[in-house]
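# below is the structure, and that's it, no one-letter string:
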Ligand code: SAM
Ligand code: SF4
């Protein structure tokens, strides 16, 4: 039976029996920040002709949903630097069968876009916030303006998203002392917050990832002096676990790709802005979907086959190393964090 006659399966499954129903789609590798853990100061970005068009992204999203994907997160790079990203949100938000459309952003342009994105069908939004001190915020992001991001967070609150989560990458000696203040900031506003262990994606020279690494366990101990943290049972399929403070709705998450490995529950793949499907954050296994999209503009069957075929090379687990020379060459902005 050739691919055109084959009925599409309802689900994507890999060799280890895991169902893939969550895709993180990078809409651009570009960004207006240069966060020290994510990028080098000087970056070369992908030429625009190699980046998927918004139409190609919309088509890919539709086919993924037809194959059983239920949640899509738009990320990057910074999704809000891509022109017409609000149109992409409207297009993907209207795909029948998609349960949730989310976005991760640095927040710097949210004061302009929050209302439009929410009205366009974006359900949840994650906003990165590593410091509440303007100078330190500038050092960590290299170019970021804290006040602009705080205005973006307020705009998101006013827009009425289902849930807003802050993401903070914590580095020893840089912003670890701000963990309690960041938790207070989230609790006071009814937001969720996740603390992320730094991952070794891309060679950087700004700091030694090994020396500045701080584990989620260390952060929980730091917080337990002043807060009661009650673990939540809910599993996300990702490397995050959530806690709650009694009397508050906010969830406090710890994303621990190093210290805890939940690969056996992994439900996700990533697609880069160039249309490369990455099967695992910690490996280079990938499939070029752009070539298939462009070779068959009017026939979805080869694209479906390529996506189903990609499941066969999803690795069983990741294993990060912080040792120099053993880090992945791919930067987080390329990966679609
Ligand atoms: N620009 C958007 C933002 O910053 O939220 C979306 C893309 S960014 C790559 C997604 C998330 O990855 C951010 O929360 C960021 O802090 C995190 N991140 C980037 N590089 C990382 C690294 N090396 N280790 C851990 N988290 C990282
Ligand atoms: Fe840009 Fe996000 Fe990377 Fe920071 S973490 S440089 S905001 S893509």
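Cool, the structure landed. Just so it is clear, the structure is predicted and the values come from calculations on it, not from any experiment. Ligands and ions are numbered 1, 2, ... in the order given.

# going by C-alpha atoms from here, please, whenever you check contacts or count neighbours.
OK.

# for whichever residue of the stretch 101-250 of the chain sits closest to ligand 2, give me its contacts.
For the stretch 101-250 of the chain and ligand 2, the shortest gap (Cα to the nearest ligand atom) falls at residue 106, measuring 4.7 Å. By Cα atoms under 8 Å, 6 or more residues apart in numbering, the contact list for residue 106 reads 78, 127-129, 149.

# and if you look at residue 278?
Residues near residue 278 by Cα under 8 Å, 6+ apart: 269-272, 284-287, 335.

# what subset of those residues is buried?
Using 16 or more other Cα atoms under 10 Å as the burial test, those include 269-272, 286-287, 335 as buried.

# and which of those residues is nearest ligand 1?
Taking the buried ones among the contacts of residue 278 together and measuring to ligand 1 by Cα to the nearest ligand atom, the closest member is residue 335, at 7.3 Å.

# give me the pLDDT value at the closest one.
We have a pLDDT of 61 for residue 335.

# one more: residue 197?
86.

# which non-adjacent residue is nearest it?
residue 256 (5.6 Å; Cα to Cα, 6 or more residues apart in numbering).

# the one you found against residue 194, yeah?
No: here residue 256 does not reach residue 194: they are 10.2 Å apart, not a contact under Cα atoms under 8 Å.

# just the helices in this protein please.
54-66, 85-93, 110-120, 134-141, 146-159, 179-189, 209-212, 216-224, 289-295, 301-310, 332-335 (DSSP state H).

# in a markdown table: the ones you listed, plus distance to ligand 2.
Formatted as a markdown table, the helices of the chain follow (distance: least, Cα to the nearest ligand atom, whole Å):
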| stretch | distance to ligand 2 |
| --- | --- |
| helix 54-66 | 19 |
| helix 85-93 | 15 |
| helix 110-120 | 13 |
| helix 134-141 | 6 |
| helix 146-159 | 11 |
| helix 179-189 | 17 |
| helix 209-212 | 15 |
| helix 216-224 | 19 |
| helix 289-295 | 22 |
| helix 301-310 | 26 |
| helix 332-335 | 5 |
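
# could you dump the contacts of residue 278 into JSON lines and include distance to ligand 1?
Below are the contacts of residue 278 laid out as JSON lines (distance: Cα to the nearest ligand atom, whole Å):
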{"residue": "269", "distance to ligand 1": "15"}
{"residue": "270", "distance to ligand 1": "12"}
{"residue": "271", "distance to ligand 1": "13"}
{"residue": "272", "distance to ligand 1": "11"}
{"residue": "284", "distance to ligand 1": "16"}
{"residue": "285", "distance to ligand 1": "19"}
{"residue": "286", "distance to ligand 1": "18"}
{"residue": "287", "distance to ligand 1": "20"}
{"residue": "335", "distance to ligand 1": "7"}
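
# looking at residue 256 and residue 194, which is more packed in?
Here residue 256 and residue 194 are compared on neighbour count by other Cα atoms under 10 Å; more neighbours surround residue 194, at 26 against 21.

# so which bits of the stretch 151-300 of the chain are right by ligand 1?
Within the stretch 151-300 of the chain, the positions near ligand 1 by Cα under 6 Å from any ligand atom are 167, 169, 196-201.

# can you do 5 Å?
Taking Cα under 5 Å from any ligand atom as the test, the list of the stretch 151-300 of the chain residues beside ligand 1 reads 167, 198-199.

# before we move on, the earlier item: weed out the non-buried ones from the contacts of residue 106.
Burial by neighbour count, judged by 16+ other Cα under 10 Å, picks out 78, 127-129, 149 from those.

# which among the residues you listed gets closest to residue 300?
residue 78 (28.5 Å; Cα to Cα).

# what sits closest to that closest one if chain neighbours are left out?
residue 31 (4.8 Å).

# over to residue 62?
Distances taken as Cα to Cα, 6+ apart put residue 95 closest to residue 62, at 6.3 Å, once the chain neighbours are dropped.

# is it true that the one you found touches residue 63?
No: counting by Cα under 8 Å, residue 95 sits too far from residue 63 to count as a contact (9.7 Å).

# what stretches of the stretch 101-250 of the chain score poorly on pLDDT?
235-239 (pLDDT under 70).

# one more time with 80, if that's ok
Within the stretch 101-250 of the chain, the set of residues satisfying pLDDT under 80 comprises 200-205, 207, 209-211, 234-240.

# give the contact list for residue 160.
residue 118.

# please tell me how far it sits from residue 46.
To residue 46, residue 160 is 34 Å away according to Cα to Cα, to the nearest Å.

# ditto for residue 101
Separation of residue 101 from residue 46 (Cα to Cα) stands at 25 Å.

# ditto for residue 61
From residue 61 to residue 46 the distance is 21 Å (Cα to Cα).

# do residue 12 as well
Counting by Cα to Cα, the gap from residue 12 to residue 46 is 29 Å.

# do residue 90 as well
Residue 90 is 25 Å from residue 46, by Cα to Cα.

# pick out whichever of these two has more residues nearby.
The neighbour count for residue 90 versus residue 46, taken as other Cα under 10 Å, is higher for residue 90 (18 against 14).

# sounds good, over and out.
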